[in-house]
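Asks: Model the following, please.
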Amino acid sequence: MQLHVQTASAPFDAGANRQHTARQRTAIQQEVVRLLDDLAPASAPARRSAPAVTVKAYRWPNRCILQGASRAISVSWFPGSADEHSLGELLVISWRGTVSLPGLGHRGSDEAVAVTQLLLHLEPASFDGWEWRTAAHDVAGLGTSALADYCRGQVQPPDGSTTEA
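Replies: So this is what the prediction gives:
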């Protein structure tokens, strides 16, 4: 994210700066919702004969967990505040084992261990697009659909079985 620096010779327009940031925050929130909807839809489509489920999807407003038989991935969005320069961060953690869900008093027998972690920010990629990138840009930028595919690939078995919401 690039910050626009106002020069002393031009008049300062705080309203325009806030409006631009509000538009960015709205666009980023829409992109986060699109990612979470892709990974864990709020309601599964009705089907006549449901395929065998090997990955379960759990959804909350700003996060989701995809739980497979022996692996899981959690995706959590942390929006930035109006006072911060950052517009927010997306934390993607790949787990080995069973992730315990909020509100459940017991843990599974296969306690989860974090394997990899990515901390991502959204950056403008083109006139009307966004890319998820690390702060250090050490990982190639991913579009939202590509990030969703990456997340599903971390937990889905190679045969491509489906996810249950």
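Asks: quick one: buried residues of stretch 23-31?
Replies: Neighbour counts over stretch 23-31 (16 or more other C-beta atoms under 10 Å) mark 28-29, 31 as buried. Placement of C-beta: from N, CA and C, glycine included.
Asks: The residues you listed in helices, which ones?
Replies: Those of the buried residues of stretch 23-31 mapping onto helices are 28-29, 31, per DSSP state H.
Asks: Number of residues surrounding residue 103?
Replies: 5 (other C-beta atoms under 10 Å).
Asks: separation between it and residue 57?
Replies: 16 Å (C-beta to C-beta, to the nearest Å).
Asks: Closest one of the ones in helices among the buried residues of stretch 23-31 to residue 142?
Replies: residue 31 (11.7 Å; C-beta to C-beta).
Asks: burial measure for residue 75, as a count.
Replies: Residue 75 has 24 neighbouring residues, counting by other C-beta under 10 Å.
Asks: Where do the strands of the protein begin and end?
Replies: 53-60, 63-67, 71-79, 88-96, 113-126, 129-134, 162-164 (DSSP state E).
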